[in-house]
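# how would this look folded up:
(4 chains)
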Number of protein chains: 2
Amino acid sequence: MKEGPDISIVAALIGNPACANMLTALLAGSALTATELAHEAGLTLSTVSGYLSKLGRAGLVAIERQGRHRYFRLADRDVAIALEALMPVATRAGHLRVRTGPRDPELRRARSCYDHLAGDLAVKMYDRFVERKLLAGKSDSLRVTDEGRRFFAKAGIDTDALDNGRRPLCRPCLDWSERRTHLSGSLGAAVFRYLLDRGWAVAERKTRIVRFSPAGEQKARDWFSR
Amino acid sequence: MKEGPDISIVAALIGNPACANMLTALLAGSALTATELAHEAGLTLSTVSGYLSKLGRAGLVAIERQGRHRYFRLADRDVAIALEALMPVATRAGHLRVRTGPRDPELRRARSCYDHLAGDLAVKMYDRFVERKLLAGKSDSLRVTDEGRRFFAKAGIDTDALDNGRRPLCRPCLDWSERRTHLSGSLGAAVFRYLLDRGWAVAERKTRIVRFSPAGEQKARDWFSR
DNA sequence: TTCATAGTTTGATGATTCCCGAAGTATGGC
DNA sequence: GCCATACTTCGGGAATCATCAAACTATGAA
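Numbers count the residues shown, from 1 in each chain, chains lettered A, B, ... in the order given. Just a heads-up that it's a prediction; the model follows:
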């Protein structure tokens, strides 16, 4: 019976909804701290910590120490691939259950991804930023161009100040609904705040849905399209 | 928290060692009856039956009735892909356990992956096909060249006919043992059948091991190398 | 040093799961 | 019709798991 590696020990970990949530959160690409993950999955710090050490021992996540912070991220690309590969099967599995609200499409359209925007519109925005050369570089080494810095400064976003924190300024983040990239990192967060502050969109509490008013969406599009 | 499909319900199923064993058994490609699977996993028929209905409801396995027999197989390729994708992560996770039989090397060498060939030799074959420009294109859009169509036609494989199904003709499939790509899709299946029909290799029953005779391997290499 | 923050470890407990045996249902052969 | 085979459903007991609160450790800041 024992042929090939034992899938089940890994799958069992992912099979825990809490772990699955944490992992999908990490699938976004950015490294998160234990406290952030606890918040993300709606669990106690102790619970999360326990799981993280398990996930670490199993080679699913890796730790990066920075002072008293520990940043967790997916151990490597294989893990991300495995998680992604489970998604198509899971959608069908889920469809058999009595669940399907109007929520799903809304989530796909625009949602918060930890502290930045994800979904259809976020992807469009990201593409436009790249197209306008406000952002440059490949997935691993994305950076803000000088022109980008000027653009964001006009919106009151001081990229130099953001860049000082220990958090990366901008990172690409892979989107499950779109299978394409959107903007994460402290700049991603700042841009998200910009959209909210302006009243163009409202983040629905507890659900991650981000609701744009028709006028707000138009204004947002105008802003990032030129 | 509910963003994206719920991976965990699928993963939890695979996370059960019994189910994992049954699924990996089915990964070999052939449909098996509940009794065979019970034997395979060392469980009672009642237990297996229970799991199978769960797996069926979750869209992981499908049933084919034939008289009083019910043949179970993996529901579709997505499931096979997901299972294969878990393997690389599992190998590392498994390193903490004491395990490694003589089977392992044999599996790495050549094995069936759902309905096509995987492992060392399969990767070499794939590389050669690309080198000879019988296949072209990047991962997402792999296609058979005209020269490729002629080559396969000589082996009695009618690519045009294969292309009619709704299954993709050829797809690259990532290999857990090699970390490289081999050929999947209906062409991959046809090529596998070609090797077996010719008696160059035999698919060992119940395990996924594919055993090439020394002469058979040489002939296979000659075939795809030129 | 001393405090506050970040994270780990350690029980404890309530829920869930795993798996079986026994009894029930469907299908084909005689 | 009747039996054997192939499978499903039911009920239940032991084991495991998920999760928490509280106590502990480590790190940076004042």
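
# now A:R143: closest residue in space, sequence neighbours ignored.
Nearest residue to A:R143, sequence neighbours excluded (CB to CB, 6 or more residues apart in numbering or on different chains): A:G137, at 4.9 Å. Bear in mind the C-beta positions are built from the backbone N, C-alpha and C, glycine included.

# what do you get for A:A155?
That would be A:Y194: by CB to CB, 6+ apart, it lies 5.6 Å from A:A155.

# the top helix by length along chain A near chain B at all?
Counting by DSSP state H, the longest helix found in chain A is helix A:77-95. Yes: contact of helix A:77-95 with chain B is found when judged by CB under 8 Å from any CB of the partner chain, involving A:78-79, A:81-95.

# low-confidence ranges, chain A, go.
Filtered on pLDDT under 70, chain A yields the residue ranges A:1-5, A:28-30, A:66-68, A:93-108, A:113-115, A:138-141, A:164-168, A:172-181, A:204-208.

# for it, which residues are neighbours of DNA strand D?
A:12, A:15-18, A:42-44, A:46-47, A:50, A:67-68 (CB under 7 Å from any atom of the strand).

# thinking again about what came up before, between helix B:77-94 and the longest helix of chain A, find me the angle.
With axes from the mean of the first three to the mean of the last three CA atoms, to 10 degrees applied, the angle from helix A:77-95 to helix B:77-94 works out at 140 degrees.

# domain ranges for chain A, per the record?
The record's domain parsing of chain A by automatic domain parsing lists A:7-95, A:103-225.

# and the first one, how far out from the chain middle?
In terms of CA atoms, centre = their mean, to the nearest Å, the gap separating the centre of domain A:7-95 from the centre of its chain is 13 Å.

# from chain B, how far out is A:R221?
Using CB to the nearest CB, to the nearest Å, one gets 23 Å for the distance from A:R221 to chain B.

# residues contacting that residue?
Residues in contact with A:R221 (CB atoms under 8 Å, 6 or more residues apart in numbering or on different chains) are A:K124.

# shouldn't it be within a helix?
Yes: A:R221 sits within a helix when classified using DSSP: H, G, I helix; E, B strand; the rest coil.

# and the domains of chain A: which comes nearest B:L55?
Among those, the nearest to B:L55 by CB to CB is domain A:7-95 (9.7 Å).

# is DNA strand C within reach of that closest one?
Yes: with CB under 7 Å from any atom of the strand as the criterion, DNA strand C is reached by domain A:7-95 at A:33-35, A:45-46, A:48-50, A:52-53, A:68-70.

# can you give me the strands in chain A?
Secondary structure of chain A, counting by DSSP state E: strands at A:32-33, A:61-66, A:69-74, A:111-113, A:116-118, A:135-136, A:143-144, A:171-174, A:181-184, A:201-203, A:210-212.

# okay, those strands, which one's buried deepest?
Most buried of the strands of chain A by mean neighbour count (mean count of other CB atoms under 10 Å in any protein chain shown) is strand A:116-118; its value is a mean of 28.

# list the neighbouring strands of that one plus their orientation.
Applying DSSP bridges to the sheet, strand A:116-118 is found paired with strand A:111-113 (antiparallel).

# helices along chain A, start to end?
Using DSSP H, helices in chain A cover A:7-15, A:17-27, A:34-41, A:45-57, A:77-95, A:103-109, A:120-131, A:146-154, A:159-162, A:185-197, A:214-225.

# comparing those, which comes out most buried?
Highest mean neighbour count among the helices of chain A (mean count of other CB under 10 Å): helix A:7-15, a mean of 25.

# when you scan that helix, is anything in it near chain B?
Yes: counting by CB under 8 Å from any CB, chain B is contacted by helix A:7-15 at A:7-15.

# specify which member of these is nearest to B:R57.
Nearest to B:R57 out of the residues of helix A:7-15 next to chain B is A:G15 (CB to CB; 15.8 Å).

# my guess is the closest one contacts B:C19. True?
No: if you go by CB atoms under 8 Å, A:G15 and B:C19 don't touch, sitting 10.3 Å apart.

# need the residues touching each of those two.
B:L13.

# ok so, going back, closest one to B:R149 among the domains of chain A?
Taking CB to CB, domain A:7-95 is the member of the domains of chain A nearest to B:R149, at 29.5 Å.

# dump the residue contacts of A:L74.
Contacts for A:L74 (CB under 8 Å, 6+ apart) come out as A:23, A:26-27, A:60-62, A:80, A:83.

# export those residues as CSV, with columns for distance to A:L117.
Shown next, in CSV, are these (distance: CB to CB, whole Å):
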residue, distance to A:L117
A:L23, 21
A:L26, 18
A:L27, 17
A:L60, 27
A:V61, 25
A:A62, 27
A:A80, 21
A:L83, 22
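
# any figure for the gap between the residue nearest to A:R143 and DNA strand C?
28 Å (CB to the nearest atom of the strand, to the nearest Å).

# and if you look at A:L74?
In terms of CB to the nearest atom of the strand, A:L74 sits 16 Å off from DNA strand C.

# show me what that residue bridges to in the sheet.
Here A:L74, judged by DSSP bridges, has bridge partners A:V61.

# try A:V202
A:R211.

# give the contact list for the residue nearest to A:S8 when sequence neighbours are not counted.
Of all residues not flanking A:S8 in the chain, B:A20 sits nearest, at 3.6 Å (CB to CB, 6+ apart). Contacts for B:A20 were tallied using CB under 8 Å, 6+ apart; they are A:6-8, A:11, B:14.

# if you set the cut-off to 6 Å instead, what comes out?
A:7-8, B:14 (CB atoms under 6 Å, 6 or more residues apart in numbering or on different chains).

# likewise A:L162?
Listed by CB under 6 Å, 6+ apart, the contact partners of A:L162 are A:169, A:186-187, A:190.

# which residue, other than its chain neighbours, is closest to it?
Per CB to CB, 6+ apart, closest to A:L162 is A:S186, 4.5 Å.

# just A:V144 next, same as before
The nearest residue in space to A:V144 (CB to CB, 6+ apart) is A:T159, at 5.4 Å.

# surely that neighbour meets A:R150?
No: between A:T159 and A:R150 there is no contact, the gap being 9.4 Å when judged by CB atoms under 6 Å.

# check the gap between A:L162 and DNA strand C for me.
19 Å.

# ditto for A:L134
Distance from A:L134 to DNA strand C, by CB to the nearest atom of the strand: 32 Å.

# much appreciated, bye for now.
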